[in-house]
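> how does the following fold in three dimensions:
(one chain, ligands or ions: 1)
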Amino acid sequence: MASTLVRAALSQPVDHTPVWFMRQAGRSLPEYRELRKDNAMLEACRTPDLVTEITLQPVRRHGVDAAIFFSDIVVPLQAAGVDVVIEPGVGPVIAHPVRTRADLDRLPELEPEALADIAESVTRIVAELGETPLIGFAGAPFTVASYLIEGGPSRNHEKTKAMMLGDPGLFSAILAELGRMSATFIDVQLSAGARAFQLFDSWAGYLSPQDYRASVLPHSQAVFAALGHHEVPSFHFGVQTGELLAPMSEAGSTVMGVDFRVDLADATARVQPGQALQGNLDPAMLFAPWEVLRPRVEQIVRAGLDHPGGHVFNLGHGVLPATDPAVPGLVVEEVHRVSREILAERAAQAPSGEQAPGAAGTDARR
Ligand code: 1CP
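Below is the predicted model of the structure:
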């Protein structure tokens, strides 16, 4: 039988709510900081020994229901031959930003052979994980385009938006190319054994629904369509995307990630019928006292179980670097405990032969 994460992400019955955390690997873990102290970020991403160990660290420590592949959204660019570094404390920096048609013509193609180390890392991780699924990922075309056009992290994405509105043909050609790269990157991970994938459109929330729909959505749809033959669950997420949940939910994912600024019950009304939800505890809540945090966790578990599709518990964005590394594991235990309890209660209340709301299958527990 498929794992709990895969089943929930396909809105199938489960016996507990599965949970993982965006950015669960990385700076919040002392064992990560220890491993990374002598290695640059992108070197680490291309070294299977390190990728394997870093991906497994949060699974061991927190007992999450899935691993997320340790890599970065700019790895496909680097593998294609783009001059990019990840500067500590800054993020991805691109030596020659792409701002003209000639710049785009110079952008190299990404061949799957350039990702042989990625396939090797995934194969090793999957062997070590056993039953626990690995989630692959890539950046969505718009979010990667922002780094490529701006040349690095950006507060307002003004060069990106100026091109989107001023030279829509060039903008669309760049997003189409980046979409192909992201699909190739994810395809390699799925072919090597990843069981699901997430397309991160972290900065889509900077767009109006009108501009998102006209200039970005078709390119994200192309990525999901290109990967449809794998028949695996897929997640789509962006920060501050409450107003974009409806159009983003049309991109083609089986699960819609929800930012912490939106109530899950409101998200239900915005996504596609039957689409699962992921989220959405505020990452800063992990700094709150347990007596405050615990009921918030329960509230989200309940809201997820009331949603007519599946629910995967997560934060509403990534784990913050200063998070106490003991806390995510407590949240995992609580999500498992509370969801099992609620599902058992609902199963007991349902008249025999009928299923409790949100529950399905002979186990009547979702
Ligand atoms: O020094 C360090 O440790 C580098 C920090 C770091 C890490 C741990 C970066 C630089 N990337 C990563 C790993 C990473 N990046 C993962 C795997 C770890 C996990 O999730 O457990 C993932 C999924 C990403 C994806 C990523 N990179 C996104 C999308 C997710 C999100 O958080 O919205 C984005 C926007 C990036 C770009 C990036 N890479 C690194 C930083 C600091 C940034 C953001 C820079 C900015 O603010 O623009």
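
> can you tell me the element Arg346 falls in?
Here Arg346, judged by DSSP states H and E, is contained in helix 327-349.

> need the contact list for Asp201.
Gly139, Ala140, Phe142, Thr143, Val216, Ser220, His236, Phe237, Gly238, Thr241, Met248 (Cβ atoms under 8 Å, 6 or more residues apart in numbering). Using the backbone N, CA and C atoms, a C-beta is placed for each residue, glycine as well.

> ok, Phe137 next?
Contacts of Phe137 by Cβ under 8 Å, 6+ apart are Ile68, Phe69, Ser71, Ile73, Ile186, Gln189, Phe197, Gln198, Leu199, Phe200.

> so what strands line up beside the helix or strand harbouring it?
Using DSSP H and E, Phe137 sits within strand 134-139. In the sheet, strand 134-139 lines up against strand 67-68 (parallel), strand 196-200 (parallel) (DSSP bridges).

> from the middle of its chain, how far away would the last one be?
The one in question is strand 196-200. Taking Cα atoms, centre = their mean, to the nearest Å, one finds strand 196-200 lying 5 Å from the centre of the chain it belongs to.

> circling back to that earlier point, just checking, what packs against the helix or strand just after the strand holding Phe137?
Per DSSP H and E, the first helix or strand lying C-terminal to strand 134-139 is helix 141-150. Applying 3 or more Cβ pairs under 8 Å, 6 or more residues apart in numbering; DSSP states H and E, one finds that helix 141-150 contacts helix 75-80, strand 91-94, helix 158-166, helix 168-191, helix 217-227.

> looking at those, which is buried most?
Most buried of those, by mean neighbour count (mean count of other Cβ atoms under 10 Å): helix 75-80, with a mean of 23.

> mind checking if that helix is in reach of the ligand?
No: using Cβ under 6 Å from any ligand atom, we find that helix 75-80 stays clear of the ligand, coming within 9.0 Å at best.

> what is that helix packed up against?
Other helices and strands packing on helix 75-80, by 3+ Cβ pairs under 8 Å, 6+ apart, are helix 41-45, helix 141-150, helix 168-191.

> quick one: is the longest one near the ligand?
Okay, so that is helix 168-191. No: Helix 168-191 is not in contact with the ligand by Cβ under 6 Å from any ligand atom; minimum separation 11.6 Å.

> just the buried residues from the contacts of Asp201, in ChimeraX please.
Buried subset of the contacts of Asp201, written as a ChimeraX selection, criterion 16 or more other Cβ atoms under 10 Å:
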select :139,140,142,143,216,220,236,237,238,241,248
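
> what parts of the protein come near the ligand?
Counting by Cβ under 6 Å from any ligand atom, the chain sits next to the ligand at 22-27, 36, 41, 68, 70, 72-73, 86, 88, 91-92, 137, 143, 153, 200, 202, 318.

> check contacts around the residue of the chain found nearest the ligand.
Nearest residue of the chain to the ligand: Gly91, at 2.6 Å (Cβ to the nearest ligand atom). By Cβ under 8 Å, 6+ apart, the contact set of Gly91 is Tyr147, Gly152, Pro153.

> considering these, which possesses the most neighbours?
Tyr147 (27 neighbours; other Cβ atoms under 10 Å).

> is it true that it touches Val74?
Yes: the criterion here is Cβ atoms under 8 Å, and Tyr147 meets it with Val74 at 6.4 Å.

> what sits in contact with each of the two?
Shared contacts of Tyr147 and Val74, counting by Cβ under 8 Å, 6+ apart, come down to Val84, Pro92.

> in this protein, what secondary structure element scores lowest on mean pLDDT?
Here the helix or strand of the chain ranked lowest by mean pLDDT, DSSP states H and E is helix 30-36, holding a mean of 95.

> can you give me the buried ones in that one?
Those would be Tyr32, Leu35, Arg36, for helix 30-36 by 16+ other Cβ under 10 Å.

> quick one on the thing from earlier: buried ones among the contacts of Phe137?
Judged by 16+ other Cβ under 10 Å, buried ones among the contacts of Phe137: Ile68, Phe69, Ser71, Ile73, Ile186, Gln189, Phe197, Gln198, Leu199, Phe200.

> which residues touch the last one?
Contact partners of Phe200, counting by Cβ under 8 Å, 6+ apart, are Ile73, Phe137, Ala138, Gly139, Ala140, Thr143, Phe237, Gly238.

> kindly report the same for Phe235.
Phe235 touches 9, 135, 196-199, 253-257, 278, 312, counting by Cβ under 8 Å, 6+ apart.

> export these to CSV and tack on pLDDT?
Below are the contacts of Phe235 laid out as CSV (pLDDT from 0 to 100):
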residue, pLDDT
Ala9, 98
Ile135, 98
Ala196, 98
Phe197, 98
Gln198, 98
Leu199, 98
Ser253, 98
Thr254, 98
Val255, 98
Met256, 98
Gly257, 98
Gln278, 98
Val312, 98
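
> for the residues you listed, give me CSV that also has distance to Phe171.
Converted to CSV, the contacts of Phe235 look like this (distance: Cβ to Cβ, whole Å):
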residue, distance to Phe171
Ala9, 32
Ile135, 29
Ala196, 30
Phe197, 25
Gln198, 24
Leu199, 19
Ser253, 23
Thr254, 28
Val255, 28
Met256, 25
Gly257, 24
Gln278, 29
Val312, 32
